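1. Sequence and predicted model, in that order:
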Amino acid sequence: MSRVSKRYSKALFSLALEEGILDKVAMDMTSLQELLSAKDSFYSFTKNPLVSVVHKEQVLEELFKSSFQQVTLDFVKLLSRKKRLDTLDDVVKDFAALVLRHRNQLEAEIVSAQALETEQVAAIKKRLQDIFGKEILVSLKEDPALIGGFLVNVNGQIIDNSIRYQLTKLKEQLVA
């Protein structure tokens, strides 16, 4: 993330908060993130310096005028006018981080060898909330290579409680 994207995301966040439409703008930004993460024509469009600013604004207007908040649309068009539309993916990520911080939330990814039961997820989530003192938003993935157990990633911190990790540690101890 660059200083430019942080500056723009803070400006949008402040404006949305001031206008009392933070949740609606956050939904708009989530929609943009989904479009950008698909790495399809919209992603290429935002990165293409050969498309004129006027054309980009027209396309943005057509795409989002009926579904986005006016603040979000004006913001994206401003990025286009300032020739910063290529930073939109970073701005969206920075904005999401600001919203999470504002809501006192953290995202956690739980990777398990097989699907976890609801009670197991709730117990892990509760433990993470106790550790971090924030509401935890959980996403789940499966990776059979873990053999058993689970791995949690919260803000780049890894909590590895997998059988694969335990076997690796045991092997290191036996070799030493």
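-> Everything's here; your move.
2. what residue ranges in the chain are flagged as low confidence?
-> 1 (pLDDT under 70).
3. rerun that using 50 as the cut-off
-> For the chain, no stretch is flagged by pLDDT under 50.
4. quick one: the strands in it?
-> With DSSP state E as the criterion, the chain has strands at 105-112, 135-142, 149-154, 157-162.
5. can I get the ones you listed in a markdown table with mean neighbour count and distance to Lys171?
-> C-betas here are computed from N, CA, C, even on glycine. Compiled in a markdown table, the strands of the chain are given as follows (neighbours: other C-beta atoms under 10 Å; distance: least, C-beta to C-beta, whole Å):
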| stretch | mean neighbour count | distance to Lys171 |
| --- | --- | --- |
| strand 105-112 | 18 | 21 |
| strand 135-142 | 14 | 24 |
| strand 149-154 | 19 | 16 |
| strand 157-162 | 15 | 14 |
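6. Any chance of TSV for the ones you listed, columns distance to Ser14?
-> What follows is the strands of the chain, written out as TSV (distance: least, C-beta to C-beta, whole Å):
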stretch	distance to Ser14
strand 105-112	19
strand 135-142	22
strand 149-154	27
strand 157-162	29
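7. Would you tell me which of the ones you listed gets closest to Ser41?
-> For Ser41, the closest of these is strand 135-142, at 26.5 Å, according to C-beta to C-beta.
8. got a list of contacts for that closest one?
-> 100, 103-116, 121, 124-125, 128-129, 154 (C-beta atoms under 8 Å, 6 or more residues apart in numbering).
9. mind listing what that strand pairs with, with the direction of each?
-> With DSSP bridges as the test, strand 135-142 is paired with strand 105-112 (parallel).
10. The partner strand vs strand 157-162, what angle?
-> Angle, strand 105-112 to strand 157-162, by axes from the mean of the first three to the mean of the last three C-alpha atoms, to 10 degrees: 30 degrees.
11. residues in contact with strand 105-112?
-> Contact partners of strand 105-112, identified using C-beta under 8 Å, 6+ apart, comprise 100, 116, 121, 124-125, 128, 132, 134-143, 146, 149-155.
12. Just want the angle from it to strand 149-154.
-> Strand 105-112 runs at 160 degrees relative to strand 149-154, counting by the same axes, to 10 degrees.
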